[in-house]
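A.B. asks: coordinates only, no sequence provided:
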């Protein structure tokens, strides 16, 4: 069966659909924010644990403003709410593009939301459990090398942590992005295989940049999941290519 996009929707209908998808996503984030704010203290303790565990008592997190503690709770709640509501956000994103998909693809909305969420959370977890300890250890060692006691502002720590968590969560969405690019015919598994040698170089450069420490072991640990993600992306592109002939041939089989 052909995509619904063969039946043209007016621009106003697309904008209305987009508006409601954004509203539903915002409502999910708002509900998650309310729940996360209720336990913001515990979430903040969890977020700061990778730093506090490395140098107990040496790395002091400070607040320098009257309202900084209050806004810290708001920021922590917002970060946690974004991750908690990510399944709804991915689901609404899929439903928005569903009219341009084949019937068999539309039924994968829930699996897509689950897979996208899993990869997103995997990226954030990888950052939290591996990148944070390696990075913070390096930066604290730099303080020790000049005999300075680090006092880190809450707002600066939260901004750094949020950027890193979101960046790694987005990076781990590579297979999901590859699916859409392959679906649009912009990339194929052969293209990805042919670019493999260049991708490996880029991955190791990214790993070297994201890993503050100079040791090779840390850079290899950073590069390993990115290489795996690239391999998964090749498989995803191959599966999309295999499914296309059957999907395209379906309209020809229908004489109407």
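C.D. replies: Yep, that arrived. Since this is a predicted model, take the numbers as computed values, not measurements. Numbers count the residues shown, from 1 in each chain.
A.B. asks: name the residues of the helix or strand hosting residue 152 that are buried.
C.D. replies: Here residue 152 sits within strand 151-153, counting by DSSP states H and E. By 16 or more other Cβ atoms under 10 Å, the buried positions in strand 151-153 come out as residue 152. C-beta: built from backbone N, CA, C; applies to glycine.
A.B. asks: surely residue 59 and residue 142 touch.
C.D. replies: No. Using Cβ atoms under 8 Å, residue 59 makes no contact with residue 142, being 11.9 Å away.
A.B. asks: neighbour count for those two, which is higher?
C.D. replies: The neighbour comparison of residue 59 against residue 142 (other Cβ atoms under 10 Å) goes to residue 59, with 20 against 12.
A.B. asks: need the contact list for the more buried one.
C.D. replies: Applying Cβ atoms under 8 Å, 6 or more residues apart in numbering to residue 59 gives the contacts 51-52, 136, 140, 150, 152.
A.B. asks: show the buried residues in those residues.
C.D. replies: 51, 136, 140, 150, 152.
A.B. asks: which helix or strand contains the third one?
C.D. replies: Spelled out, that is residue 140. helix 132-145.
A.B. asks: show me what that helix is packed against.
C.D. replies: Contact here means 3 or more Cβ pairs under 8 Å, 6 or more residues apart in numbering; DSSP states H and E; on that basis helix 132-145 packs against helix 40-52, helix 154-171.
A.B. asks: so which of the ones you listed comes closest to residue 194?
C.D. replies: helix 154-171 (21.9 Å; Cβ to Cβ).
A.B. asks: distance of the nearest residue to residue 178 once chain neighbours are set aside relative to residue 65?
C.D. replies: Leaving aside its sequence neighbours, residue 178 sits nearest to residue 233 (Cβ to Cβ, 6 or more residues apart in numbering; 3.9 Å). For residue 233, the distance to residue 65 equals 44 Å [Cβ to Cβ, to the nearest Å].
A.B. asks: out of the two, which sits in the busier spot?
C.D. replies: A direct count of neighbours by other Cβ under 10 Å for residue 233 and residue 65 places residue 233 higher, at 22 against 12.
A.B. asks: who are the neighbours in contact with the more buried one?
C.D. replies: Contacts of residue 233 (Cβ under 8 Å, 6+ apart): 174-175, 178, 192.
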